[in-house]
Each structure stands twice: as C-alpha cells, then as structure tokens.
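Asker: Starting from these lines, generate the structure:
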Amino acid sequence: MPTSGLLVDACVLIDYLDHLPIFTIADKNIGKIYVITNTIDEVNGLSEAMCLQSGFTIIEPTREQQSQAEDSDIKPPEDALCFQTAKDNNYVFVTNDKPLRKVCKKAHIELLWGCHIVVCLVKRKKMSKEEAKRVIKDIHSKNKRNKKEILTKLCSQIDGAV
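Answerer: Numbers count the residues shown, from 1 in each chain. This is a model prediction of the structure:
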C-alpha cells in the first residue's frame, strides 16, 4: 500500500460526497489523503473546508505541473494535472476513470479504485463489513455507470476481508 499517500480524483469524490468522513479514517489508516485544488473546483457541492474537515491535505499544483498538464495529450486538463501530480509525488492515484487509469498504468503509477478504500478499511478492521456494504450500495445507487457485477464483486471482497 502507499508510502507517499493517495491522490483522489474528482470522479471518486463525487461518489463519496455523502460519505466524506470515510477519508478521515482512511487518512489515519491507509495513507495520507491528498486532493489538488483544481479537483475540488470540479466537484459541485464540495469545498476546501469540507475536504479539510474530512482529513484531506489540499495541495496546489506547481506552475510546472500546470504547464505540463496544459501541454499533455491527456484530456481534459484536470485529468492531466492529477496524472502529473501523482507521478511527480509518487502518490497512489485513486480514480475510476478507465482511460486515465490506462495512461497511469503505462507510466507505472500505482492505482486504486475508489470503492476499494472501504475494502481496505474493512481489512484493517477500521470499518464494519455492514457499514462498508451500505456505503458501496449507496455509491452504486447514485452512479448508474457502476454495474451490478461490480457491486457483487465488492460485496464479496468485503465479506472475504480478514
């Protein structure tokens, strides 16, 4: 698991918007949780104050990172900025964005799916299986791109967590 921390992208924050306190637990038990200012701006209903209250460390991308993101083939620029920040800081990148994950894999950036945060917390005995399933089912119900097979697989991983 991460040594430098986890960088969370907008799609994951959107999924967890009603469950932000989970990141306080994750910050203490999985690894330091980071979010870049531009990502906060992407998520309707999210503020810096909410992120700080939920255990995030907010980072401002450097001018160099912003410039590299603007010149990148990765689109949109917000994704390029997350990619560059994760790469430069050796962060585990928490994203559900499949095209972005593909680019990260090629660059050898360690990845974590958004819902695996709760699986990690269950494995570390920092969240009950019942609470984790409730969160996963709630996220699934609000994001229609999540397939039933994914929900079933996550619930099975939670049940099998030791």
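Asker: Point out where the chain drops to low pLDDT.
Answerer: Scanning the chain with the threshold set as pLDDT under 70 gives 1-3, 145-148, 161-162.
Asker: Against residue 41, how distant is the residue of the chain most remote from its centre?
Answerer: Relative to the centre of the chain, and counting by C-alpha atoms, centre = their mean, the farthest-placed residue is residue 71 at 24.2 Å. Using C-beta to C-beta, to the nearest Å, we find residue 71 at a distance of 21 Å from residue 41. In short, each C-beta sits where N, CA and C put it, glycine included.
Asker: just the CA coordinates of the strand or helix carrying residue 130, formatted as PDB?
Answerer: For residue 130, the host element (DSSP states H and E) is helix 129-142. Coordinates of each C-alpha in helix 129-142 appear next as PDB, following Å, rounded to 0.1, in the frame of the first residue of the first chain:
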ATOM      1  CA  LYS A 129     -18.500  -5.100   6.900                       C
ATOM      2  CA  GLU A 130     -22.100  -3.900   7.200                       C
ATOM      3  CA  GLU A 131     -21.100  -0.200   7.100                       C
ATOM      4  CA  ALA A 132     -18.800  -0.800   4.100                       C
ATOM      5  CA  LYS A 133     -21.600  -2.600   2.200                       C
ATOM      6  CA  ARG A 134     -24.000   0.200   3.000                       C
ATOM      7  CA  VAL A 135     -21.600   2.800   1.600                       C
ATOM      8  CA  ILE A 136     -20.800   0.700  -1.500                       C
ATOM      9  CA  LYS A 137     -24.500   0.200  -2.200                       C
ATOM     10  CA  ASP A 138     -25.300   3.900  -1.700                       C
ATOM     11  CA  ILE A 139     -22.500   4.900  -4.100                       C
ATOM     12  CA  HIS A 140     -23.700   2.200  -6.600                       C
ATOM     13  CA  SER A 141     -27.300   3.500  -6.500                       C
ATOM     14  CA  LYS A 142     -26.200   7.100  -7.300                       C
END
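Asker: got the contact list for that helix?
Answerer: The contact list for helix 129-142 (C-beta atoms under 8 Å, 6 or more residues apart in numbering) reads 15-16, 18-19, 22, 114-115, 118-119, 121-122, 146, 150-151, 154-155, 158-159, 161.
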